[in-house]
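A.B. asks: Turn this into a structure:
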Amino acid sequence: MVDEPQSELEALQAALGARARIRQWAEGAELLDLLHAAASEGWLEALTRPVTVEDLAGLGGIPAERARRAVEVFLSAGVVREAAGTPETLPAFTLAEDFAALQAGPSGIRTDIALDAVDAARARIRTALTASAPYDWQEDALVVARDWGMLPSDASRALFGMAYAELPEYHARLAAGGPLLDVGSGVGGALLSTVTAYPALRAVGVERAGDVVEELRNRAKAAAVASRMEVRHADAQHLTDEAVYPVCYWAQAFFPHGTREVTLAALRRALTPDGLLLVQELTPPPDASSPAPLGATLDALVADCRDIPPVASAESLTAELRTAGFTDVTVTPTPVGRLVLARNGG
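C.D. replies: Next up is the predicted model:
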């Protein structure tokens, strides 16, 4: 049976509904743009302490009424809150607790880095439907690395320490000095937190993006562990080490489809015959029984635009490692997500 064509009135109502949804989606983009503006005009820094609308208006030389409307947007979004005051004073505002923490940048998790990462993802999305769009993996490599890469701190070491406590054999090998091979090091979020937590540990970090390598080396110097680390500007597919490392961490989520099999073969050669390989499931797979949420599908599209796997579940990683020749593959839930540990098949 063929559906009856819509009447002109029905078509108009449908179009109005679609337009309303577009406007609803636009709210998120507009809020991000306002947050960018607040960062560049010094609002976010000013809001780390109680300030009035008039104070904020003065930062950019805008009318107080417009500043008030911007504050109302941030109040609605939970970015700011009204600070405690007295009836004799003008209302004052400050960042909400979580945004205050992000502005303070604990362990390098900062507002500007989060905004840069969102901008990079949006730029990738804009090329998704253009076959002729040039793919440049280096274009946003540093932005992505910074977004994922914590600074080594007591908090980050505690976080990774809770994960390693669930992997006693891996922990013991780190404590014994390794050496550790860290592949896809980025700016060293996991690597530097681990090396600074284990005083005897020596490590080799492998990263193929030149600007990321430079920042990793600078961070290693700042953390006073450069003497215990070698940072290689190289593609992990071309590693020539043989039977050197008893432990290896592979940042698998950032490796393109066509490189994974060759990379795993190189890691097997580099590991000792009984060496351990650790990989992380960064994003749990969506529930197959229900539609994937919009955020997950957008993340998957961005990943595809970067030519990396949208989601590698712990189960798919287990299968991938077994196919590559690893044995004793186990999945362990930890505070940093599900970790997959495998033994070199020799």
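A.B. asks: all contacts plus neighbour counts: C-alpha atoms, from now on.
C.D. replies: Will do.
A.B. asks: Export only the CA atoms of the helix or strand hosting Ala121, formatted as CSV.
C.D. replies: According to DSSP states H and E, Ala121 maps onto helix 111-125. Taking C-alpha atoms only, helix 111-125 is exported to CSV below (Å, rounded to 0.1, in the frame of the first residue of the first chain):
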residue,chain,number,x,y,z
THR,A,111,39.1,24.1,29.7
ASP,A,112,41.2,25.3,26.7
ILE,A,113,42.3,21.8,25.9
ALA,A,114,38.8,20.4,26.0
LEU,A,115,37.5,23.2,23.8
ASP,A,116,40.3,22.6,21.3
ALA,A,117,39.5,18.9,21.1
VAL,A,118,35.8,19.7,20.4
ASP,A,119,36.8,22.1,17.7
ALA,A,120,39.0,19.5,16.1
ALA,A,121,36.2,16.9,16.1
ARG,A,122,33.8,19.4,14.5
ALA,A,123,36.3,20.1,11.8
ARG,A,124,36.6,16.4,11.1
ILE,A,125,32.8,16.1,10.9
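A.B. asks: and it, what other elements does it pack with?
C.D. replies: On a contact count with 3 or more CA pairs under 8 Å, 6 or more residues apart in numbering; DSSP states H and E, helix 111-125 meets helix 8-40, helix 97-104, helix 141-148, helix 294-305.
A.B. asks: and the angle from it to helix 8-40?
C.D. replies: Angle, helix 111-125 to helix 8-40, by axes from the mean of the first three to the mean of the last three CA atoms, to 10 degrees: 140 degrees.
A.B. asks: buried ones in helix 111-125?
C.D. replies: Using 16 or more other CA atoms under 10 Å as the test for burial, helix 111-125 gives 111-121, 124-125.
A.B. asks: Farthest-apart pair in those, please.
C.D. replies: Farthest-apart pair in those is Thr111 and Ile125; separation 21.4 Å (CA to CA).
A.B. asks: Contacts made by the helix holding Ala121 with the rest, please.
C.D. replies: Helix 111-125 is contacted from outside by 32, 36, 39, 99, 102-103, 105, 140, 143-144, 146-147, 301-302, 305-306, using CA atoms under 8 Å, 6 or more residues apart in numbering.
A.B. asks: So what's the gap between that helix and the chain middle?
C.D. replies: In terms of CA atoms, centre = their mean, to the nearest Å, the centre of helix 111-125 is found 11 Å from the chain centre.
A.B. asks: Under the pLDDT cut-off, which ranges of the chain? List them.
C.D. replies: 1-6, 85-88, 133-135, 284-292, 346 (pLDDT under 70).
A.B. asks: Within the sheet, what are the partner strands of the longest strand belonging to it, with directions?
C.D. replies: What stands out as the longest strand in the chain, according to DSSP state E, is strand 271-280. Strand 271-280 has its sheet partners listed here by DSSP bridges as strand 245-250 (parallel), strand 337-343 (antiparallel).
A.B. asks: Compare those strands and report which one is nearest to Ser76.
C.D. replies: Ranking the strands paired with strand 271-280 by proximity to Ser76 (CA to CA) places strand 337-343 first, at 31.6 Å.
A.B. asks: got the buried residues of helix 111-125 as JSON lines, with distance to Pro256 columns?
C.D. replies: Below are the buried residues of helix 111-125 laid out as JSON lines (distance: CA to CA, whole Å):
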{"residue": "Thr111", "distance to Pro256": "28"}
{"residue": "Asp112", "distance to Pro256": "27"}
{"residue": "Ile113", "distance to Pro256": "23"}
{"residue": "Ala114", "distance to Pro256": "23"}
{"residue": "Leu115", "distance to Pro256": "24"}
{"residue": "Asp116", "distance to Pro256": "22"}
{"residue": "Ala117", "distance to Pro256": "19"}
{"residue": "Val118", "distance to Pro256": "20"}
{"residue": "Asp119", "distance to Pro256": "21"}
{"residue": "Ala120", "distance to Pro256": "18"}
{"residue": "Ala121", "distance to Pro256": "17"}
{"residue": "Arg124", "distance to Pro256": "15"}
{"residue": "Ile125", "distance to Pro256": "17"}
